[in-house]
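1. could you look at this predicted model? Sequence included:
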Amino acid sequence: MSQKTVSSSPVALIDRSPPYSEEAEKGVLGSVLLDSVKIMDICLERQLVPESFYVPAHKLIFQAFVAMCQEGSVIDVLTVTERLKNMGALDKVGGFIYLDRLIDSTPTAAHAEYYIEIVRQKFLLRSIIDGARDAEHQCYTSPDSADMILSRVEQNFLNITERQHGSVTPWRHAVKQTMEHIETVFVTRSPGSMGGISTGFANFDSILQGLRPGEMVILAARPSMGKTSLAMNIVENVALGKAPDGKARPVGIFSLEMSHEALVMRMLCSHASVSAFNIMRGYVSQNIHGQLTQAASVLTKAPIYLDDTGGLDVMELRARARRMKKKYGIELIVIDYLQLLHSRDYAQQGRQIETAAISGNLKAMAKELKLPVFVLSQLSRAPEQRDKYGVPKLSDLRDSGAIEQDADVVCMLRRPCKYPGDEEHADDKTLAIIDVVKQRNGPTGEAQMNFEEEFTRFRDRAHGIDGLEQPAGFVEDEEADVEA
């Protein structure tokens with residue numbers, strides 16, 4: 001007996017037209033012609049663009065409005081008519097008569113904000129539809145992996161949400177928020193309190209005052225100086241709650257250079273004060289095994305989330321970080337390291353432009369997720385070629401000057417014992433210097449640390465803060481405050 005085949009595919013709705021309101025678009029344009037100074041400011045504040053208008057004639061008219069507003073020209077029927085004539089678009093919009101009708105159909109500009117919101121909402125709906133269609137098209141035609149397509153689709157929809165915010169934080173609200181933070185600091189007045197997440201190193205925190213949300217912190221060094229070790233030590237301190245407040249915070253790591261096996265091995269050996277080299281050689285005594293077991297017991301409980309995918313595109317990294325923040329509530333992101341990231345959109349324009357795009361995206365990610373992003377970076381060979389001390393400068397950041405512009409904090413890590421010409425510190429094998437050469441919201445200076453190379457472990461050094469440039473009006477302690 002034959003059975004009927006029932007089609008499960010939905011009926012194609014080809015008669016659907018994109019969401020738009022011709023009346024609201026006319027209302028916006030007519031309101032601008034009636035009161036251009038006020039209404040254009042509202043349009044730009046709500047981030048209306050020519051593409052926000054669906055009717056082609058309205059799109060051309062608003063394009064003329066925007067150009068005239070940027071030039072500071074007067075906007076009225078006569079001036080707009082002349083501008084459209086010069087653009088060769090007057091006939092396309094219906095001529096002077098159509099502009100005159102826009103005013104006639106808009107008796108008052110008092111309802112302009114209502115019209116603007118309708119136009120903005122309709123444009124947002126069309127953008128979502130376009131994004132969904134593009135996602136469907138990529139799923140059927142793109143040779144890339146599903147993960148890569150998903151990251152691009154996520155970013156496309158994120159761009160839509162970034163376009164729609166359009167609101168300006170009231171100044172009174174901003175001042176109130178800042179004063180609340182100041183009041184909190186005033187009430188606590190504890191020596192360990194700081195504005196950001198503690199690195200767990202008192203000497204380093206004395207300059208940074210913690211890793212602050214929304215900031216990109218660059219740690220740069222030449223190879224084999226210990227920048228990955230320092231980053232992992234900071235991760236361990238943050239995740240295990242070794243800060244003065246004792247709070248353990250979730251940390252996300254993107255390791256583009258080392259595999260998760262190598263990174264975990266390094267952290268275990270560092271925490272247990274065991275030589276990883278000896279373990280690789282097979283020297284594991286009963287005592288060492290016990291130390292590693294204890295370290296594993298502690299680190300297993302640490303809220304650390306590791307992604308060791310190599311060769312990530314920066315947009316895919318942003319998508320993964322976004323999901324990591326939503327799923328695990330991470331409060332710090334560490335990236336090892338910047339020069340191993342790629343940007344598909346800028347790859348053909350040269351490494352300098354590509355690196356600038358990567359740097360800008362990482363800073364945007366810090367602001368978007370409202371957490372500190374700790375980024376490792378390589379230095380060029382310039383420090384070694386410049387003098388015998390190998391002291392790096394901001395200009396030594398490899399591949400692009402945009403890194404130093406985008407970063408809120410730039411730290412240079414060096415170990416003087418690596419340079420035979422540095423006679424003063426030649427015998428001091430443990431000395432490591434973290435030079436904070438840029439800090440947008442604080443002082444610069446050097447923090448001295450001890451580095452135990454065998455265990456890849458950094459520790460605070462006694463009297464380890466040198467050359468700290470204090471801001472004007474800085475008060476070191478309460479007694480000085482009273483004297484002042």
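-> Now that the structure is in, tell me what you want to look at. Numbers count the residues shown, from 1 in each chain.
2. output the below-cut-off pLDDT ranges for the stretch 101-250 of the chain.
-> 161-170, 174, 181-182, 184-195 (pLDDT under 70).
3. now with 50, please.
-> Applying pLDDT under 50 to the stretch 101-250 of the chain picks out residues 165-167, 192.
4. in it, which spans are helices?
-> 112-141, 146-164, 171-188, 202-208, 227-239 (DSSP state H, counting those that start in this stretch).
5. CSV for those, including distance to residue 261 and mean neighbour count?
-> In short, each C-beta sits where N, CA and C put it, glycine included. CSV is the format used below for these (distance: least, Cβ to Cβ, whole Å; neighbours: other Cβ atoms under 10 Å):
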stretch, distance to residue 261, mean neighbour count
helix 112-141, 34, 15
helix 146-164, 22, 15
helix 171-188, 42, 10
helix 202-208, 28, 21
helix 227-239, 14, 23
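6. now distance to residue 43 too, for those, in CSV please.
-> Formatted as CSV, the helices of the stretch 101-250 of the chain follow (distance: least, Cβ to Cβ, whole Å):
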stretch, distance to residue 43
helix 112-141, 6
helix 146-164, 14
helix 171-188, 22
helix 202-208, 42
helix 227-239, 45
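7. looking at those, which is nearest to residue 410?
-> helix 202-208 (11.4 Å; Cβ to Cβ).
8. take the closest one, keep the C-alpha atoms, and write them as CSV.
-> Output of helix 202-208 as CSV, limited to C-alpha atoms (Å, rounded to 0.1, in the frame of the first residue of the first chain):
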residue,chain,number,x,y,z
ALA,A,202,53.1,43.6,46.1
ASN,A,203,55.9,45.4,44.2
PHE,A,204,54.0,45.2,40.9
ASP,A,205,50.7,46.2,42.4
SER,A,206,52.4,49.2,44.1
ILE,A,207,52.6,50.8,40.6
LEU,A,208,49.7,49.3,38.8
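9. residues contacting that helix, please?
-> Applying Cβ atoms under 8 Å, 6 or more residues apart in numbering, the set of residues contacting helix 202-208 from outside is 194, 196, 198-199, 217, 409, 434, 436, 439, 442-445, 447-449, 460-461, 464-465, 468.
10. out of the residues you listed, which end up buried?
-> 194, 196, 198-199, 217, 409, 434, 436, 439, 442, 444-445, 447-449, 460-461, 464-465 (16 or more other Cβ atoms under 10 Å).
11. returning to what we had before: out of the helices of the stretch 101-250 of the chain, nearest to residue 334?
-> helix 227-239 (5.3 Å).
12. for that closest one, name the packing helices and strands.
-> Helix 227-239 sits against strand 216-221, strand 251-255, helix 260-272, strand 332-336, strand 373-378, strand 457-466, with contacts defined as 3 or more Cβ pairs under 8 Å, 6 or more residues apart in numbering; DSSP states H and E.
13. quick one: the longest one to strand 332-336, angle?
-> With axes from the mean of the first three to the mean of the last three Cα atoms, to 10 degrees as the basis, helix 260-272 and strand 332-336 are set at 120 degrees to each other.
14. quick one: list the elements packing against helix 260-272.
-> Helix 260-272 packs on helix 227-239, helix 276-280, helix 286-300, strand 304-307, going by 3+ Cβ pairs under 8 Å, 6+ apart.
15. reformat these as TSV; add distance to residue 247.
-> Output for these, formatted as TSV (distance: least, Cβ to Cβ, whole Å):
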stretch	distance to residue 247
helix 227-239	9
helix 276-280	29
helix 286-300	16
strand 304-307	15
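16. residues in contact with residue 155?
-> Counting by Cβ under 8 Å, 6+ apart, residue 155 has contacts 315, 318, 319.
17. ok, the last one - contacts?
-> Going back to what we said before, that points to residue 319. By Cβ under 8 Å, 6+ apart, the residues touching residue 319 are 150, 151, 154, 155.
18. how near is residue 432 to residue 457?
-> To residue 457, residue 432 is 11 Å away according to Cβ to Cβ, to the nearest Å.
19. looking at those two, which one has more neighbours?
-> Neighbour tally, residue 432 and residue 457, criterion other Cβ atoms under 10 Å: the higher count belongs to residue 432, 27 against 20.
20. follow-up on the earlier one: quick one: which of the helices and strands packed on helix 260-272 is nearest residue 146?
-> Going by Cβ to Cβ, the one of those nearest residue 146 is strand 304-307, 16.7 Å.
21. skip the chain neighbours and tell me the closest residue to the residue sitting nearest the centre point of the chain.
-> Centroid-nearest residue in the chain, with Cα atoms, centre = their mean: residue 365, separated by 2.3 Å. Excluding the flanking residues, the one nearest residue 365 by Cβ to Cβ, 6 or more residues apart in numbering is residue 318, at 5.0 Å.
22. on that earlier part again, for residue 130, which of the helices and strands packed on helix 260-272 is the nearest?
-> With Cβ to Cβ as the criterion, residue 130 lies closest to strand 304-307 of those, at 30.3 Å.
23. so how far is that closest one off the chain centroid?
-> Distance of strand 304-307 from the chain centroid (Cα atoms, centre = their mean, to the nearest Å) equals 18 Å.
24. so which elements touch that strand?
-> Counting contacts by 3+ Cβ pairs under 8 Å, 6+ apart, strand 304-307 packs against strand 251-255, helix 260-272, helix 314-328.
25. ok, for residue 381, nearest residue in space, not its chain neighbours?
-> Residue nearest to residue 381 in three dimensions, not counting chain neighbours: residue 222, with 7.9 Å by Cβ to Cβ, 6+ apart.
26. count the residues that sit near the one you found.
-> If you count neighbours by other Cβ under 10 Å, residue 222 ends up with 22.
27. now swap in the one 3 residues further on and tell me
-> Here the number of neighbours of residue 225 (other Cβ under 10 Å) works out to 22.
28. likewise residue 297?
-> 9.
29. then stretch 72-92 to CSV, C-alphas only?
-> Provided in CSV are the C-alpha atoms of stretch 72-92 (Å, rounded to 0.1, in the frame of the first residue of the first chain):
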residue,chain,number,x,y,z
GLY,A,72,27.7,73.4,8.9
SER,A,73,25.4,74.4,6.1
VAL,A,74,21.9,75.7,6.6
ILE,A,75,19.3,72.9,5.9
ASP,A,76,16.0,74.0,4.3
VAL,A,77,14.0,73.3,1.2
LEU,A,78,16.0,75.6,-1.0
THR,A,79,19.5,74.6,0.1
VAL,A,80,18.6,70.9,0.1
THR,A,81,17.2,71.3,-3.5
GLU,A,82,20.4,72.9,-4.6
ARG,A,83,22.5,70.1,-2.9
LEU,A,84,20.5,67.3,-4.5
LYS,A,85,20.7,69.1,-7.9
ASN,A,86,24.5,69.2,-7.6
MET,A,87,24.5,65.5,-6.6
GLY,A,88,22.5,64.7,-9.7
ALA,A,89,19.8,63.2,-7.5
LEU,A,90,17.0,65.8,-7.6
ASP,A,91,14.9,64.0,-10.2
LYS,A,92,15.4,60.7,-8.4
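30. I'd like the average pLDDT over it.
-> Mean pLDDT, stretch 72-92: 89.
31. show me the contact partners of it.
-> With contact meaning Cβ under 8 Å, 6+ apart, stretch 72-92 is reached by 32-33, 36, 40, 56-57, 60-61, 64-65, 67-69, 93, 96, 99-100, 103.
32. just the ones of these in helices?
-> 32-33, 36, 40, 56-57, 60-61, 64-65, 67-69, 96, 99-100, 103 (DSSP state H).
33. just the buried ones out of those, please.
-> In the ones in helices among the contacts of stretch 72-92, the ones that pass as buried (16+ other Cβ under 10 Å) are 32, 33, 36, 40, 57, 60, 61, 64, 65, 68, 69, 99.
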